[in-house]
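Student: quick one: sequence plus predicted model below, questions after.
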Amino acid sequence: MPIDPHYETVIGLEVHSQLRTKSKIFCGCPNIFGAEANTQICPVCAGFPGVLPVMNREMVNMAIKTGLAINGTINNFSVFSRKNYFYPDSPTGYQISQYDLPIVEHGELFINPEGQSKKRVGVTRIHMEVDAGKSLHEGIVGASWVDLNRVGTPLLEIVSEPDMRSSEEAGAYLKKLRAILRFLEVCDGNMEEGSFRCDANVSVRHYGAEEFGTRTELKNLNSIRNVMRAIDYEVERQIDIIENGDTVVQETRLWDANNNSSRSMRSKEDAHDYRYFPEPDLPPLTIEQSHIDDIRARLPELPDDMAKRFQDEMGLSEYDAGVLTASKEMASYFEIANQVVTVAGKKNAKATANWVTVELLGRLNKNGLEIEESPVSATNMGKLVALIQSGDISGKIAKQVFGFMFDDGGDPEQIVKEKGLKQVTDSSAINSEVDQVLAAHPEQVEQYRGGKTQILGFLVGKVMQATRGKANPAMVNSLLKDKLG
Amino acid sequence: MFSDPTVLSISQLAESLKKRQISSEDLVNSFLERIERINPEVNAYITIDRAGAIKAAQDADNRLDAKQGGPLTGVPIGVKDLFCTKEVRTTCGSRMLHNFIPPYESTVTSRLKAAGAVMLGKTNMDEFAMGSSNETSFFGVVKNPWDLTRIPGGSSGGSAAAVSAGLGVAAIGTDTGGSIRQPAALTGITGIKPTYGRVSRFGMVAFASSLDQAGPMTKTAEDAALLLQAMAGHDPKDATSIDSPVPDYMASLNDGLKGRKIGVPEEYFATGLSTDVASVIEEAKKQFQDLGAELVPVSLPTTKQAIPTYYVLAPAEASSNLARYDGIRFGYRCENPQDIKDLFTRSRAEGFGSEVKRRIMLGTYVLSSGYYDAYYLKAQKVRRMIADDFKAAFTKVDLLLTPTTPDTAFKLGAKTDDPVQMYLSDIFTINVNLAGLPAISIPCGFSRDNLPIGLQLIGRPLDESGILSAAHAYQQATEWHTRKPVL
Amino acid sequence: MSITADTVKHVANLARLDIPADEVEGYVEQLSQILGLMDQLNSLPTDGVEPMSHAVEMLMPAREDVVVNSDARDLLLACAPDTEDGHFRVPKIIE
């Protein structure tokens, strides 16, 4: 979206990611999504009198992993605090969170926005906290309902520096962060189900200005696309305000995806005064350096490292490597396909990458599918590329085969066999087809011999047509040339 | 067998129960009968669990018959009404929880029940344990069995009155700023507050989480040792529970006082001590010397800061702990709430009594933006200094000896309109909670108007054995703890 | 620091306590009195003193990531003043 070139956009993002622990953060209730209301609760998460929280070890480990993956400092000493506020879906009347001593600080991640060079975005802090429940309103007459299943789901709040300058950068940041969390297997990154939620702090300022403008906080952004749309909308809104000589009000705004607009959340009756204080039920968290080193040693390969490997070892472009490491599923799809091609003795990572990023992703996008929903399995994708590499089918036939595979599934080798699509490389078979074509088109033969050599393409096409594309085009070419002398 | 088994201590009863000279069921019935007769006067119990008690007594008798009983098997006790007890109403002395029946059990009561103790019922208390006189209970004031016109102390006033009046062999209390020791002193019984973290807080309705600690209230130090043995120990459900083995308190009970250094902090004797308390404590000090202890004058310079420090920190924690009482999931809800805010504000205003509201207001204020540093953070720093003062004293002495309270039990209603005067009555007990130390109060004499006076022994962290054996030695040589009120 | 009627109303709102107008003055008086007691802390120098938020210095224990609870919905809902169809029921919440 074109933005007034006199203004610079400043964006910081706060991401809440639900961690995939088996049990909740402070009690042994299952940490699962989508269960029947209030069936995943116990006195502890439901905030009953007299109960106490006990920390889930895995939560801490996941926080450490995430901190290390974004190159952050893991604090050996961190503290939990209570954030006090009343809300029906917060059963204790406070949220256990981290305030002045979070577990991770000073991280960074690198984004590759489309068509731009790599950029660093600072991560101010990551802290651990507990998720709230849900209030249900729609379709309930004269009341709201409270479902506490989600209370106690472990959350990491990941706060970026205000380092992003466009909605594209914000989108790229979220994609990269989500990829990292998925590579680490700590969060499934599903924005629609709320396991990866984002609030955006947006302000604008005149180019060259030192000070930030007044920011607004955007909420209810349930997809990366909505984050980007909401930011663009907000930037325009703020510029309009400033251009009209008014001032931007610091407030929280709720994005309405259906109407593609935002509205101010009824300004809270009381200014927030969360009365943070150290959680007396939880002693400070101390983490041994050796434990951090241990986790570091067992970190999986992360998107940036993998992309670098794809470039260095496979000769892929930076762009392709970026696309193929955008998610764990994507990367593993490519690696399996590439492995099949390699095992077939036709190692060609570039060709494999090309087929995955162009043909496959093109079709998936068109059908609104994710890589993990691809009707073409990674193994079959690899087999298809191997068939091209071995000369068994032409690129053109391969696209046809791919179409069959995408629509009906199946093994490309089998499809080629069943449909008789194997390239004809037997020169005697091609020979007779060539002879027939030449006999059938004396006029064109005449023209060629008269010097109009570009007519060759027409004749090649006729042969290919006659062989239903199976003839090896190179052989057809040379045979025709020979015979036309 | 006995003319009145309700006057006996746990150790005396255990022997008879073991020998099957008396059944637990008969014993429980004797107590239930006495409760029926005397409780209306004293108001020590909020809920009597007659059926549960008899059932538990029968189970205990079966175990005793099979020679499988322990020292607590079949022993009837009262439990302060802030321990969550499965299927038995737990009110915390509040309208807010007047109808709350927990579907879970506190660690303390489950351990006691596992050890065979029989719960007679739930004892009265100041609302949410906030009070020093047991006058703030939604279920009515508790009266001091020694003088029914006087307060029994608080907040475990019902437990104290129950033991003192023979309405339970012993009782369980909790102590946030003196709530076991102060009522124990004012009703002439023994009460111990263990080291913070020694006894699990799971299932104990929280007042001030960094100060709350449960403990037994008994007729003797020996009984306290027996009960504490069953209550203490690490609990994985409480992250602040201390993970270290519990010593055998009975094994060291007779260690005696010879050669032990007992510090006497001068600040506790400076001003405000009534003449009766002063002279009785003076006598007790001599007794300790006679028993072989060496008395050493020590100084705890921050003593006077304890009250303001406590009344910043405890209400701050309480204001947050009590936020869960919002009328949604349990407890009191106002009639016809107009909207969600109305539901919150009226349920809370109607469900809480005035002292609880006062402390919530105070705690909210000291944590609120602009005041946190001046009050809360400052108080946290002073708390450290108070703890350091004790640490320094314990490099020179093994125990500290002080009066438990500056005066004997006051008249009902005497301080209800003056919160500051009320708060000052905890002056000798509060700093022990701030420092997390163990302390015991034992009877050490009577005032001229025949009201009990208590003496406090404070120990090093986790030295419950030390204060129990010192108290036991004193009780072996004196008979103050055997005196009973006439009802 | 002095307490005013506005302070009391503000704090009551934060604490979600409905305080009738005729009780506000009483709170002003009592809270002022109690805070007066606390102001004596200011006379004590505390520079460089580490704040103490737990009674005993200890490390945070952690539990293993194991599911141990079974469904307690009905037991817990039975404690609630108002429920409907497996939910806690509250007055309509308007965003």
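Tutor: Looks like it came in fine.

Student: and A:His106, that one's in a strand?
Tutor: Yes: secondary structure of A:His106 (DSSP: H, G, I helix; E, B strand; the rest coil): part of a strand.

Student: beta partners for the closest residue to it other than its chain neighbours?
Tutor: Sequence neighbours aside, A:Thr73 is the residue nearest to A:His106 in space, at 4.8 Å (criterion: C-beta to C-beta, 6 or more residues apart in numbering or on different chains). Placement of C-beta: from N, CA and C, glycine included. Assessed by DSSP bridges, A:Thr73 has beta-bridge partners A:Glu105.

Student: nearest residue to the residue in the stretch 301-450 of chain B that chain C sits nearest to in space, please, no chain neighbours.
Tutor: The nearest approach of the stretch 301-450 of chain B to chain C comes at B:Gly436, 3.0 Å away (C-beta to the nearest C-beta). Here the nearest residue to B:Gly436 in space, its sequence neighbours aside, is C:Ala55; by C-beta to C-beta, 6+ apart that works out to 3.0 Å.

Student: what does B:Ser469 give?
Tutor: Setting aside the residues directly before and after it, B:Ser469 is nearest to B:Asp255 in space (C-beta to C-beta, 6+ apart), at 4.2 Å.

Student: returning to that earlier point: pretty sure the residue of the stretch 301-450 of chain B closest to chain C is touching C:Ser53, no?
Tutor: No: counting by C-beta atoms under 8 Å, C:Ser53 is not a contact partner of B:Gly436; they are 11.7 Å apart.

Student: more crowded one of these two?
Tutor: B:Gly436 (27 against 21; other C-beta atoms under 10 Å in any protein chain shown).

Student: ok, that one to C:Val56 distance?
Tutor: 5 Å (C-beta to C-beta, to the nearest Å).

Student: same deal with B:Thr123?
Tutor: From B:Thr123 to C:Val56 the distance is 27 Å (C-beta to C-beta).

Student: thinking again about what came up before, burial of the residue nearest to A:His106, as a residue count?
Tutor: 13.

Student: now do the one 3 residues further on
Tutor: When neighbours are counted by other C-beta under 10 Å, A:Asn76 registers 13.

Student: for it, what are its contacts?
Tutor: By C-beta atoms under 8 Å, 6 or more residues apart in numbering or on different chains, the contact set of A:Asn76 is A:286-289, A:292.

Student: could you dump those residues to CSV with secondary structure, neighbour count and distance to chain C?
Tutor: Formatted as CSV, these follow (DSSP: H, G, I helix; E, B strand; the rest coil; neighbours: other C-beta atoms under 10 Å in any protein chain shown; distance: C-beta to the nearest C-beta, whole Å):
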residue, secondary structure, neighbour count, distance to chain C
A:Thr286, strand, 13, 5
A:Ile287, coil, 20, 10
A:Glu288, coil, 10, 10
A:Gln289, helix, 9, 15
A:Ile292, helix, 17, 15
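
Student: out of these, flag the one nearest to A:Asp305.
Tutor: A:Ile292 (18.9 Å; C-beta to C-beta).

Student: confirm for me that that closest one is in contact with A:Thr73.
Tutor: No: here A:Ile292 does not reach A:Thr73: they are 10.1 Å apart, not a contact under C-beta under 8 Å.

Student: re earlier: for B:Thr123 and C:Val56, indicate the residue with more neighbours.
Tutor: Here B:Thr123 and C:Val56 are compared on neighbour count by other C-beta under 10 Å; more neighbours surround B:Thr123, at 34 against 19.

Student: contact partners for the more buried one?
Tutor: Here B:Thr123 is in contact with B:44-46, B:78-81, B:156, B:158-159, B:161-162, B:168, B:171, B:173 (C-beta under 8 Å, 6+ apart).

Student: mind redoing it with 6 Å?
Tutor: Contacts for B:Thr123 (C-beta atoms under 6 Å, 6 or more residues apart in numbering or on different chains) come out as B:44-45, B:78, B:80, B:158-159, B:162, B:171.

Student: how about low-confidence regions in the chain?
Tutor: No chain was given, so I picked chain A. A:1-3, A:266-271, A:421, A:423-426 (pLDDT under 70).

Student: sorry, should have said chain C
Tutor: For chain C, the stretches with pLDDT under 70 are C:1, C:95.

Student: what residues does it put near chain A?
Tutor: C:13-14, C:16, C:53-54, C:58-60, C:62-63, C:65, C:67-69, C:71-73, C:76, C:86-90, C:92-93 (C-beta under 6 Å from any C-beta of the partner chain).

Student: kindly identify which of those also come near chain B.
Tutor: Checking those against chain B (C-beta under 6 Å from any C-beta), the matches are C:14, C:16, C:53-54, C:88, C:90, C:93.

Student: narrow the residues you listed to those in strands?
Tutor: Judged by DSSP state E, the subset of those located in strands is C:88, C:90.

Student: for the ones next to chain B among the residues of chain C next to chain A, work out which two are farthest apart.
Tutor: C:His54 and C:Ile93 (36.1 Å).

Student: follow-up on the earlier one: joint contacts of B:Gly436 and C:Val56?
Tutor: Shared contacts of B:Gly436 and C:Val56, counting by C-beta under 6 Å, 6+ apart, come down to B:Tyr196.

Student: centroid-nearest residue for the chain?
Tutor: No chain specified, so I'll use chain A. Compute the mean C-alpha point of chain A, and by C-alpha atoms, centre = their mean the closest residue is A:Lys175, 4.4 Å away.

Student: oops, wrong one, chain B.
Tutor: B:Ile180 (2.2 Å).

Student: relative to B:Thr404, how far out is that residue?
Tutor: Counting by C-beta to C-beta, the gap from B:Ile180 to B:Thr404 is 10 Å.

Student: cool, A:Arg182 as well?
Tutor: 61 Å.

Student: same thing with B:Asp223?
Tutor: With C-beta to C-beta as the criterion, B:Asp223 and B:Thr404 are 18 Å apart.

Student: tell me the buried residues in stretch B:148-158?
Tutor: B:150-158 (16 or more other C-beta atoms under 10 Å in any protein chain shown).

Student: using PDB, list the CA coordinates for it.
Tutor: The C-alpha trace of stretch B:148-158 is given here as PDB (Å, rounded to 0.1, in the frame of the first residue of the first chain):
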ATOM      1  CA  LEU B 148     -16.600 -14.600  78.900                       C
ATOM      2  CA  THR B 149     -16.600 -10.800  78.800                       C
ATOM      3  CA  ARG B 150     -13.100 -10.800  77.300                       C
ATOM      4  CA  ILE B 151     -11.600 -11.600  73.900                       C
ATOM      5  CA  PRO B 152      -9.800 -14.900  73.400                       C
ATOM      6  CA  GLY B 153      -7.300 -13.300  71.000                       C
ATOM      7  CA  GLY B 154      -7.100 -13.900  67.300                       C
ATOM      8  CA  SER B 155      -7.200 -14.800  64.600                       C
ATOM      9  CA  SER B 156      -7.200 -18.400  65.800                       C
ATOM     10  CA  GLY B 157      -9.400 -17.500  68.700                       C
ATOM     11  CA  GLY B 158     -11.900 -20.400  68.100                       C
END
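
Student: now do it: distance to the chain's middle.
Tutor: Here stretch B:148-158 is found 12 Å from its chain centre; the criterion is C-alpha atoms, centre = their mean, to the nearest Å.

Student: before we move on, the earlier item: just give me the closest of the contacts of A:Asn76 to A:Gly391.
Tutor: Checking these one by one against A:Gly391 (C-beta to C-beta), the nearest turns out to be A:Ile292, at 52.9 Å.

Student: residue contacts, the closest one?
Tutor: A:64, A:74.

Student: that one and A:Asn61, how far apart?
Tutor: Per C-beta to C-beta, A:Ile292 is found 10 Å from A:Asn61.

Student: top helix in the chain by residue count?
Tutor: Reading this off chain A. helix A:224-243 (DSSP state H).

Student: wait, I meant chain C there
Tutor: Looking across chain C with DSSP H, the single longest helix is helix C:21-38.

Student: list the residues that contact residue 83.
Tutor: Using chain A. Contacts for A:Lys83 were tallied using C-beta under 6 Å, 6+ apart; they are A:94-95, A:97, A:274, A:276.

Student: oops, wrong one, chain C.
Tutor: C:77, C:89.
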